[in-house]
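Asks: What follows is a protein structure lacking sequence information:
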């Protein structure tokens, strides 16, 4: 194999490995906010060799784990004691330059944080936001979205039922005499569409009652009818056949009638022509008889 072909093969192999080994960044605890001095673990899941955790901060870009921050372990990174300076955007990156999803982490030096999902949640899921303090039990808290008060929860937990794209926004919480948490964005991803089962064949319909819809099956009994229930009802397919027969009759009857009329008119004309020819033959016979009689005389 010549060197050019070998280089092309290596290039294609690297492209395939990049496309099939896309990493996904996860964080523990699974929250976009943590308290100062808490332990934070970041991991590149589904990653092959060569993936590392990197981050961007307000004064630092693409800093690799182990170079000035964190303790690397393969494709994972651990921050043993987090600091507010560790707040930033984190992601996984391969040696070829491929990147994963990003996670924004806020390390708070205050006394209140909002424990919210660090990764986007699926549309239709239930999401619980927890207003945490350094106390043992979560206290009553006020929850805000985009700066507007939503409601107050006595146990510090607020659950959003069946979230949709309209629930996206910046959330925070506030505890009386303790202060409020930083804001964190809640992202909602679109739910993947599922393919419906193929429709059943209509060539052999069931002889029982017509099938009900699979999208909204009735839970109550079918409505009563004024007809005698013992009287057999016509099958929908039979009604469809009768309707088609009537349509064919409506279409072809004028054609048959016009054809019949044309044939009748043609036969009448033919019969009149026969009578006319017969009359001419009789006249010719009379003339011949007269001529013969005159000749005899």
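Replies: Yep, it's here. If you're wondering where the values come from, they're calculated on a predicted model, not measured in any experiment. Numbering: from 1, shown residues only.
Asks: all helices for the stretch 1-150 of the chain, in order.
Replies: 3-20 (DSSP state H, counting those that start in this stretch).
Asks: And the pLDDT for the residue nearest to residue 104 when sequence neighbours are not counted?
Replies: Take residue 104 and drop its neighbours on the chain: the residue closest to it by CB to CB, 6 or more residues apart in numbering is residue 89, 5.4 Å away. For every residue, glycine as well, the C-beta is placed using N, CA and C. pLDDT for residue 89: 97.
Asks: Now that residue 47 has come up, it's in contact with residue 92, right?
Replies: Yes: with contact defined as CB atoms under 8 Å, residue 47 and residue 92 form a contacting pair (6.2 Å).
Asks: where in the stretch 51-200 of the chain is pLDDT low?
Replies: 194-200 (pLDDT under 70).
Asks: Try it again at 90.
Replies: 58-59, 134-139, 177, 191-200 (pLDDT under 90).
Asks: Show me how the record splits this protein into domains.
Replies: Domain segmentation of the chain under automatic domain parsing yields 22-109, 110-190, 236-289.
Asks: got those domains as JSON lines, with mean neighbour count columns?
Replies: Output for the domains of the chain, formatted as JSON lines (neighbours: other CB atoms under 10 Å):
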{"stretch": "domain 22-109", "mean neighbour count": "17"}
{"stretch": "domain 110-190", "mean neighbour count": "16"}
{"stretch": "domain 236-289", "mean neighbour count": "10"}
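Asks: need the contact list for residue 42.
Replies: Contacts for residue 42 (CB atoms under 8 Å, 6 or more residues apart in numbering) come out as 25-27, 53, 65, 70, 76-79, 90, 103.
Asks: Would you tell me which one of these comes nearest to residue 153?
Replies: Set against residue 153, the nearest of the contacts of residue 42 by CB to CB is residue 27 (24.9 Å).
Asks: where's that closest one relative to residue 58, distance?
Replies: From residue 27 across to residue 58, the span is 20 Å (CB to CB, to the nearest Å).
Asks: Then residue 246?
Replies: For residue 246 relative to residue 58 (CB to CB), the value is 80 Å.
Asks: now swap in residue 156 and tell me
Replies: 30 Å.
Asks: before we move on, what about residue 79?
Replies: Taking CB to CB, one finds residue 79 at 17 Å from residue 58.
Asks: Kindly report the same for residue 64.
Replies: In terms of CB to CB, residue 64 sits 18 Å off from residue 58.
Asks: Please go through this structure and pick out the longest strand.
Replies: strand 99-108 (DSSP state E).
Asks: any residues touching that strand, and which ones?
Replies: 22-25, 27, 32-36, 38, 40, 42, 44, 47, 51, 82-93, 113, 118-119, 181-182, 184-185.
Asks: mind listing what that strand pairs with, with the direction of each?
Replies: strand 33-35 (parallel), strand 88-93 (antiparallel) (DSSP bridges).
Asks: Can you check which of these gets nearest to residue 173?
Replies: strand 33-35 (10.1 Å).
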